Structures are given as C-alpha cells and as structure tokens.
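Visitor: With the input below, show me the fold.
(2 chains)
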Amino acid sequence: MIHPLAVSHDFGVWVGALLTLMVFSFLYRDNPFYKFAEHVFVGVSAAYWMVIGFWTTLWPRVIVPLIPEASRIVSPDTPLPERDLSAVVPAVLGLMMLSRLVPRLSGLARWPTAFVLGTTAGYAVVRYVRSDFMHQIQATIGDGVLIPAAGGGWNVAESLAALVTLSGTIFGLIYFMNTRRGGTVTTPAARIGLLVLMVTFGASFGSAVMARISLLVGRLQELLGDWLGLL
Amino acid sequence: MSGSRFEALQSIDRRWIFLALAVAVIAALVVQPVFRDSPGELVVPIFAAIEALAPGTPVLISLDYSPSSAPELEPMAAALTRHCLIRGLPVTYLSLWPTGNHMAGRIVERVIGPEYPDAVEGREWVTLGFQAGGELLVHALLDSLGSRFAADVRGIPLIEIPALAQVTGLNDYGIVVSLSAGTPGLKEWVLYGGDVGAFPLAGGCTGVGAPQFFPYYPRQLLGLMAALKGAAEYEAALNDDYAERVPRVMQATRGMGPQTVAHLVIVAFILLGNAGLFIGERRKRGRR
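Guide: Residues are numbered from 1 along each chain as shown, chains lettered A, B, ... in the order given. Okay, the predicted model is just below:
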C-alpha cells in the first residue's frame, strides 16, 4: 500500500529522478530538458568508458608492464612486477589507431584496424560455424520428430513441438528461396514460410514490448519508491 | 457513433496511450497486485542444477548488463545469489561490461548485506569485476582465471581468496550463468565458453534478446531466464522450496503486477484500433 510522502535526501537519487523526468518529457515532444539529459548521458558515458578503459586496460596491460615503477603510484607497498616489453606491440598499435586524428598520418590507422578485424573474423568464423550452424542443424533435426516418452510410446507434445520446429525451419528457408525481388511470394510453401516468419516477428515484438514495460516499471519504482518514498 | 469516430480510433494520439500506460503502471505500483508465477520449463533446469550442487561448489555469475537493463536482469542476479548463499555455494561475480563492478555492488548492497549479514566477502562471494576483451576474455578464462584477473576488486590476490580455492578455470565451476543485455554477453559465453568447455552454462536475458537465445536451449544452454517473467519464475521456485529463508514477494514478482496491467492496457488499445478499422470499413462499404 502507499506510504506517506517521504522525499529522499540523497543527492544521487535526486539527480537520477530529475534526469528520468527530463527523458520522459520527450514522450510529449522534443524539448530543451530532454536535450540536456541526452547530452549529459552521452558525456557521462564517454567519460565513464574512458576512466574504466584506462584503469582496467591501459594501466595494468600497457603502462605497468612497460614501466613497473609506475605501479608504486597506486600501491606503494606491493612488490614491483617484472618488465614485459611485449606490451610495446599493443601500445604501438594503439598509437597508430590515434593517428586518424592527424590527417597526414591517418593511413597508419589502417594497420591496427586490419589486425583487429582479421583476428576477430578468423577467430569467430570457427566458433560460429560450430555453434550457430552445426549445433543448430543438429538441434533442429538431431532427434527426429518422434520423441519417445519416458514410460514408452511417444511424447505427443514434444513430438509436435519438434515437428513445428523442423517444418517451420524448412518453410522459412523456402520463403527466402521462392520470393522475387519486391517481396512477391511465388509458391504456397513460401506463403507458409512467410506466415512462420510473421509469427516469429510478432513474438519478438511482443517480447520487446514486455522488456520496455519492465524498464518503465523499474524507473517508476525508483521514482515513487526511492525518490518520493511512497512505495 | 459516426464513421469518422471509428476512424479516429485508428489514429489516437500516441501521447494518450503513453498517459494511459503511465497511469495504469503507477496505479498498479500503488495497489501492488501480486500474480504468483510457477517455474517454467526453461527455468526449472537452472534451479535444479543449483540444487544438485554439493555445498562448497563454486558458481560463476557474469553480470553482463548496465543500469539501463537492471530492472529486468538484477532480479535474476538477486534470486541466483539468494539460492547460492542458502545452499552454501560460493559465488564469483565478473562482468564483460564496464558497468559490471557497479552492478555487483548493487547486489551486495541490496541483497547480501541486508538478507545475509553473516556472509563474508571472499568466503561466500567474491567480485572479480570487469575485464576488457569480451569473447577473448571468456576464452582465456577457460584455462585460467589468473591469466586475466590478478586480484579481486579489493586488490586481494586470487590465491588468497577462499571462495576460489577450488577454481583454476571455468571448468571448475558447478555452473556458469551469464545475465546478458547484449554484446558481449550470453552469445559469447555460448560460443566461446559453453560449447568449448566442460561446464554447465545457463543464461538470463532481456525480453528483447530472448528470441535470439531460445534456439540454444536445451543443447547449448542448460536453461534460460527470459525477461522479468523468467526472474519471477525463478523467485517462485525459491518461494516453493525456501519460503522461510527468502522474502515473501521479491523484486520480479512485484514487478509482474504492473507489467500485467500494462499489457492489458496495450491489448485494449490494440482491440480498440482494430475495432475502429473493421467497423469503419463495414460502414464505408454499407454507404457504397
């Protein structure tokens, strides 16, 4: 039930509540309060990422390995780590990335970009083929469509689910193969595939709406509870 | 009602819909209706797997989200933490997201501190925090936590932390659960962790991400908590087995009341819009 009004004395709660109201004001129309909150969000996010990036990556993985004495600035009592000159490689690649800021040297940034894209693509392709291709095919057809029940016979519900999964996958694939440019569906099987896709998109949209409502509930809980003390 | 009024139903100003939703959700938060859930098919395996672990078996929870998705995912982290602490399973928190340290801090502040005052950091739980790398971090942790984490967030070396006494790499965990709001998150845990390693992997995700992860169940994911509903189902399982040791109504169950009311409002507007369309069309045809 509702409690008597007890407004928070916490500065952080006030900042959060006012920024939330500023963002909500966009639902009426675009306005300077919303713009202010938007810019604060972008600025704070960038600053937060920079600080976290410095202390979790640049400091322990580059600066301290190259200059072990630097660790004494943060923790004077801990023993000095060993110097690790291999950290020069990511340091140089990082500096090359920053060369985009100087138009005359901007071509150097292509090297670290190519390194990151190449290694990531090479590393990911194996995993994706295994997890998102082979395992998914196995999951779709691996057990067939007649699932045995624990006490003998067939598990009707699971068998039906397996049948829907398998046929939905096949009809979905047929839709993409039997559709002309402009979205004209050419066969009845492709039309069934279209229905399968529409049901999938509908379920995804419903799920997304549920997620947004959860976030709305979360914000209103904080406004009414943490800020106003009504809950 | 004239035909033009029926047509007007199809073009209600969106701001009226926002206002109706806000009023409905605020009213539901004030009245606090409770709709009890029951554990679903995707949630039961996670609960059962944690139940089956011997006391002392370490559990890893990866908090791969930020404050913007905390209303959906934090109740999952809270429910899992309660379950692990009740069962005597030391919890390790880490994160693929830079905001993870803060998210772990909220669980300690809001759940462990008030509800389990005897729990000791380092013994009952440990926060390793955020490390950059995403999928490469997951891959590196398979063999050794120490390869990427020299110490926990307090600066205590891993070797001195009792909660990690049995742990070298991910395969030493009884279960790993990634609570994921995007990339890097549960997908990276499936591709670079669960499918490669020998540990049970489960997940929790936002409603937006859920359709992406359903295909991984049950072969690549032990179970999945999808959105606030998944969290409410886990809370229901906790309430069924440990009613004396957990709050009667927890965060997700409390949130499902307003959620349900908001859905009813949305359904009402959909019906209203469709009724306007069909009746308006019929009247137009009648006039011809």
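Visitor: Contact partners for the nearest residue to residue B:220 once chain neighbours are set aside?
Guide: Excluding the flanking residues, the one nearest residue B:220 by Cβ to Cβ, 6 or more residues apart in numbering or on different chains is residue B:190, at 5.3 Å. In this view, the C-beta of every residue, glycine as well, is placed from N, C-alpha and C. The contact partners of residue B:190, taken as Cβ atoms under 8 Å, 6 or more residues apart in numbering or on different chains, are A:131, B:201, B:203, B:216, B:220, B:221.
Visitor: Tell me the secondary structure of the first one, please.
Guide: This points to residue A:131. helix (DSSP: H, G, I helix; E, B strand; the rest coil).
Visitor: ok, it touching residue B:189?
Guide: No - in this structure, residue A:131 is not within contact of residue B:189 by Cβ atoms under 8 Å, at 10.7 Å.
Visitor: isn't there a helix covering residue A:52?
Guide: Yes - judged by three-state DSSP, residue A:52 forms part of a helix.
Visitor: which regions of the chain sit below the pLDDT cut-off?
Guide: If you meant another chain, say so; for now it's chain A. A:1 (pLDDT under 70).
Visitor: ah, I was thinking of chain B
Guide: B:1-4.
Visitor: That one - how does it break down into domains?
Guide: Chain B breaks down into these domains under automatic domain parsing: B:3-32+B:257-287, B:44-248.
Visitor: Tell me which of these sits most buried.
Guide: Mean neighbour count (mean count of other Cβ atoms under 10 Å in any protein chain shown) peaks for domain B:44-248 among those, with a mean of 20.
Visitor: Can you point out the buried residues in the biggest helix by length in chain A?
Guide: Identified as the longest helix of chain A according to DSSP state H is helix A:188-221. Within helix A:188-221, the residues that count as buried by 16 or more other Cβ atoms under 10 Å in any protein chain shown are A:189-190, A:192-194, A:196, A:204, A:207-208, A:210-211, A:213-221.
Visitor: tell me the contacts of residue 7?
Guide: All of this is about chain A. With the criterion set at Cβ under 8 Å, 6+ apart, residue A:7 makes contact with A:227, A:228, A:229.
Visitor: Chain B was what I was after
Guide: B:276, B:280.
Visitor: now residue B:258
Guide: Residue B:258 neighbours (Cβ under 8 Å, 6+ apart): A:213, A:217, A:220, B:24, B:25, B:28, B:29.
Visitor: Mind checking what secondary structure it has?
Guide: helix.
Visitor: ok, now which ones touch residue B:65?
Guide: Contacts of residue B:65 (Cβ under 8 Å, 6+ apart): B:73, B:74, B:97, B:99, B:100, B:103, B:179, B:180, B:181, B:182, B:185, B:206.
Visitor: still on that earlier bit, of all the contacts of residue B:258, which comes closest to residue A:142?
Guide: residue A:213 (36.2 Å; Cβ to Cβ).
Visitor: so that closest one touches residue B:262, yeah?
Guide: Yes - the pair residue A:213 / residue B:262 is scored as a contact, 4.5 Å apart, by Cβ under 8 Å.
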